[in-house]
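# Need coordinates for the following:
(2 chains)
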Protein chains: 2
Amino acid sequence: MNIPKSHPRYLSLQIREKLVKGFENNLVAKEGLLAHGRGEAFDYIIGEKTSKFAKQAIKSAANMLNYAQNSVISVNGNFAALCSKEIIQLAKSTNSKIEVNLFYSSEKRKKAITKILKESGAREILGIDKKSSTKLVGIDSARRMVDKNGIFSADVVLVPLEDGDRTIALKKAKKKIITFDLNPLSRTAQTADITIIDNVTRAMKLLVIESKKKSKKHQTYNNKKNLKMAILEIRKNLERRAKSV
Amino acid sequence: MNIPKSHPRYLSLQIREKLVKGFENNLVAKEGLLAHGRGEAFDYIIGEKTSKFAKQAIKSAANMLNYAQNSVISVNGNFAALCSKEIIQLAKSTNSKIEVNLFYSSEKRKKAITKILKESGAREILGIDKKSSTKLVGIDSARRMVDKNGIFSADVVLVPLEDGDRTIALKKAKKKIITFDLNPLSRTAQTADITIIDNVTRAMKLLVIESKKKSKKHQTYNNKKNLKMAILEIRKNLERRAKSV
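Modelled structure (predicted):
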């Protein structure tokens, strides 16, 4: 369907159509469409822009990736559909591995995701070869598969839009977690070491830029404080908008 | 996939699976999955319960439907997938017509929606016969089709989860609008005469109960005030939750 440019949700609807196209190309799961919808709602009340606190989180994330021993970018269908180019750029600039890792596992989707990543310039893609797959502890079977050479042996993992149970399992496995999550109240947001409260399409572009700056190692970032700022920002936005109702 | 009962989002995930099933049965559009995701996010920050202000809106909606000359319940795929029984019950108790009316029009979906409504006990279903379709003024062509004997000639229309442009077009056509919308900031929420800020699966059950009470006609309801209360309630919830981060 043709959405007119005058529609106030035009930009958001454009990203949505990209997701829908990703669904049609077998990249995105049905549940991925729903998850994107939740993100849209949180982006909406955040104001659909990258906030100061998100920029701070992005800087710290770039730094953590640059100083990791063995960093891995975990890729699901939504992430691949929206950011395949930036994933490759970030992997190169931070010397990170790429692992396809799905919440709703499916060989068909894994293949489609691998294809788009290769088309965008990826060389090695982990998470595909069953021989190197192994299990995370503390999570039910369907969702615990990871790659021995990827997430399993990583010190830092970048996970997009992740399920809470899985983030907690990764933390138990002593990984440092960087995540994109537009909901500052989610378990993933609250469990990760660095939570980037921003639309992944905006944040990934900035993260690539920051990762190329190769700043000195710093560790002053406070995720709890950052989350609180995000929640208060939303609250402020709502207050402002309540006045204009 | 089997979601364990211990998952904190279990109930919400159950409703989500119902939507996904509706999608597989051709009731729900891809965009409907996304729209549901947005609703999930707003329901989450509202607290996933029917608030006092939603109960007030539901009472007034029941009253408005009971005293309408010619009320119509507009049904889309999500509404049919989640509430087909309640739609029939409400149509009976308020003597309302039922019209299948889609944002993303599709004959296949119309047929699937008609089927589930008939299975749930509907007799007459409008919006199907092309001979009686006509156009709303002030909205682009793909989205303006309504039934001459349904929405076009109605004085009161109940629309679920509606697009803002369409709600505005319905208002211009002098309809009284009752809507379900979990986002108190949306144009639909702010344009409607009565906005029920609640999950449609909870609110429809209550609306059916209220509509059977046949209360005296009253018109003291203030939608702007109700929306402000909803926004402030969300703000309060966020404040409370920010403290526990």
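# So which residues of chain A form helices?
Counting by DSSP state H, one finds helices in chain A at the ranges A:10-24, A:30-46, A:52-66, A:77-94, A:107-119, A:164-172, A:187-191, A:200-211, A:223-243.
# Show me what the second one packs onto, helices and strands only.
Judged by 3 or more Cβ pairs under 8 Å, 6 or more residues apart in numbering or on different chains; DSSP states H and E, helix A:30-46 is in contact with helix A:10-24, helix A:77-94, helix A:223-243, helix B:10-24, helix B:30-46. C-beta coordinates here come from the backbone N, C-alpha and C atoms, glycine included.
# quick one: it to chain centroid distance?
Distance, stretch centre to chain centre, for helix A:30-46: 13 Å (Cα atoms, centre = their mean, to the nearest Å).
# do the first one as well
The chain centre lies 17 Å from the centre of helix A:10-24; the measure is Cα atoms, centre = their mean.
# What residues of it count as buried?
Applying a neighbour-count criterion of 16 or more other Cβ atoms under 10 Å in any protein chain shown, one finds A:12-13, A:15-16, A:18-20, A:22-23 buried in helix A:10-24.
# Likewise for the longest one?
When burial is assessed from 16+ other Cβ under 10 Å, helix A:223-243 yields the following buried residues: A:223, A:226-231, A:233-235, A:237-238, A:241-242.
# and chain B, which of those residues contact it?
With Cβ under 8 Å from any Cβ of the partner chain as the criterion, the buried residues of helix A:223-243 include A:227-228, A:231, A:234-235, A:238, A:241-242 near chain B.
# Let me see the contact set for residue A:35.
With contact set as Cβ atoms under 8 Å, 6 or more residues apart in numbering or on different chains, residue A:35 has these partners: A:78, A:161, B:37.
# Pull up the per-residue confidence for the last one.
You'll see residue B:37 listed with a pLDDT of 93.
# which regions of chain A sit below the pLDDT cut-off?
By pLDDT under 70, the weakly predicted segments of chain A are A:1-3, A:8-9, A:140-143.
# Can you report how many residues neighbour the residue of it found nearest chain B?
When distances are taken as Cβ to the nearest Cβ, chain A reaches nearest to chain B at residue A:37, 2.1 Å away. Residue A:37 has 22 neighbours, counted by other Cβ atoms under 10 Å in any protein chain shown.
# Look up how far residue A:61 lies from residue A:210.
Relative to residue A:61, residue A:210 is positioned 8 Å away (Cβ to Cβ, to the nearest Å).
# who's more crowded, the two?
Neighbours per residue (other Cβ under 10 Å) separate residue A:210 from residue A:61, with residue A:61 holding more: 28 against 22.
# Any idea what the residue most central in space within chain A is bridged to?
With distances taken as Cα atoms, centre = their mean, residue A:160 lies nearest the centre of chain A, 2.0 Å away. Residue A:160 has these beta-bridge partners by DSSP bridges: residue A:180.
# who touches residue A:238 in this structure?
Residue A:238 neighbours (Cβ under 8 Å, 6+ apart): A:45, B:185, B:231-232, B:234-235, B:238.
# how about 10 Å then?
By Cβ atoms under 10 Å, 6 or more residues apart in numbering or on different chains, the residues touching residue A:238 are A:45, B:45, B:184-185, B:230-236, B:238.
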